[in-house]
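**Q** take a look and give me a structure for this.
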Amino acid sequence: MTHSFLLNPDLRVIRENWKGNPLQDGRFIGEFKQGNQSMLLALRWKLTKNPQREEKKTDTWLPTVRDPKAFLNGKQDGMVWLGHATFFIRLGGVTFLTDPLFYGVSMLKRKVPFPVQPHELPHIDYVLLSHGHFDHCDKASLKTLSKTHSFTVLTSLKMKGLIQNWMPSNPVQEAGWYQQYQVKENGPKVFYLPAYHWHKRGMTDNNTILWGSFMLQTATHTLYFGADSGYDQHYREIQKLFPNIDTCILGVGAYNPAFIMQPSHTNPAEAVQAFKDLKGGTLVPMHFGTFDLSDEPLGEPVRWLKRLEAAGEIPGQLRILDIGEALPLG
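**A** A predicted model of the protein is given here:
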């Protein structure tokens, strides 16, 4: 068993004494807990009866979808949720699109449509690609976007080999955890940070590509995009480096059954604990309502969050956005 560390030597490291991402036998591992998924767990899930099956059948909740074009075509700093983990963000006049997903993924159909045609999206400076799972790194969406938009991809170590052929004219910049990307000097600083997750797209590529999260920072606003992550102590480590986070975008769906989902996603209570660890100002939930990925009813994450808010469990502000709804930043 061989152990090594990897980072992008051309990028700044922001955590003291950080040697790079740890690897074991050439595969990425977590700093704290490991999030690998096994075929046995997947089989156990398939063979286990869903205790919420009947509740799920009767839950008719779906996210409301709005037309986001007024914000998209404007100039104001802010963000708009486009479903699942896809956000259009304008910060310091620079535009970002997170984990673009315009269509269904694999065998899963969208429960609600993407709120605009992809070609209607305005200019995008940077696509933030958090990790390689199919519902975050979608070949069809990236190819579609590259036909009409010129952008740079900011992503994780070892991702370029997967995606570059899909969009050969778009530059790709890879980073390891706790590294700062090289971006426009007068725009937001962009950092790649940890997540408790894992990588797999095929039978033999377990953890060959890194996974993580992003921080965007201007002089007046700091925004955290948590991507896919289970709950772990990395949130506290991030807060030490970024003590004044204004907005936290955190996943709240696809959490049951816990025996397979906990190393991948946070439930609403875990997301609120992560928000507390980050000491954020506004919590914006994502990763719910767009796809049926797990055993819980589609509307349960929103109902759970509202109960936590009513009980005074959420410090700061909770903003549950409609798909297509814009939230001003700053």
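
**Q** next up, phi/psi of residue 318, please.
**A** Dihedral pair for residue 318: phi -100, psi 130, per degrees, to the nearest 10.

**Q** I'd say it and residue 307 touch.
**A** No. With contact defined as CB atoms under 8 Å, residue 318 does not reach residue 307; the gap is 11.3 Å. In this view, the C-beta of every residue, glycine as well, is placed from N, C-alpha and C.

**Q** which one of those two is surrounded by more residues?
**A** residue 318 (17 against 12; other CB atoms under 10 Å).

**Q** what sits against the more buried one?
**A** Shown in contact with residue 318 (CB atoms under 8 Å, 6 or more residues apart in numbering): 282-283, 285, 305, 309.

**Q** which among these gets closest to residue 85?
**A** residue 285 (11.0 Å; CB to CB).

**Q** now do the contacts for the closest one.
**A** 249-252, 268, 271, 301-302, 305, 318, 320-321.

**Q** quick one: residues contacting residue 156.
**A** Under the criterion of CB under 8 Å, 6+ apart, the neighbours of residue 156 are 129-132, 174-176, 192, 209-212.

**Q** what's opposite it in the beta bridge?
**A** residue 175 (DSSP bridges).

**Q** for residue 72, see how far away it is.
**A** 27 Å (CB to CB, to the nearest Å).

**Q** format the contacts of residue 318 as CSV; extra columns: secondary structure and distance to residue 232.
**A** Compiled in CSV, those are given as follows (DSSP: H, G, I helix; E, B strand; the rest coil; distance: CB to CB, whole Å):
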residue, secondary structure, distance to residue 232
282, strand, 22
283, strand, 18
285, strand, 19
305, helix, 21
309, helix, 24
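
**Q** out of the residues you listed, who has the most neighbours?
**A** residue 283 (27 neighbours).

**Q** any idea how far it is from residue 230?
**A** Distance from residue 283 to residue 230, by CB to CB: 17 Å.

**Q** same deal with residue 328?
**A** Taking CB to CB, one finds residue 328 at 31 Å from residue 230.

**Q** again, but for residue 166
**A** Note on residue 166: its distance to residue 230, by CB to CB, is 28 Å.

**Q** for residue 65, same thing?
**A** Residue 65 is 29 Å from residue 230, by CB to CB.

**Q** which pLDDT does the model give the residue nearest to the spatial centre of the chain?
**A** Centroid-nearest residue in the chain, with CA atoms, centre = their mean: residue 227, separated by 1.8 Å. pLDDT, residue 227: 98.

**Q** right, and it touches residue 214 too?
**A** Yes. Judged on CB under 8 Å, residue 227 makes contact with residue 214 at a distance of 7.1 Å.

**Q** shared neighbours of those two, which are they?
**A** Common neighbours of residue 227 and residue 214, using CB under 8 Å, 6+ apart, are 98, 130.
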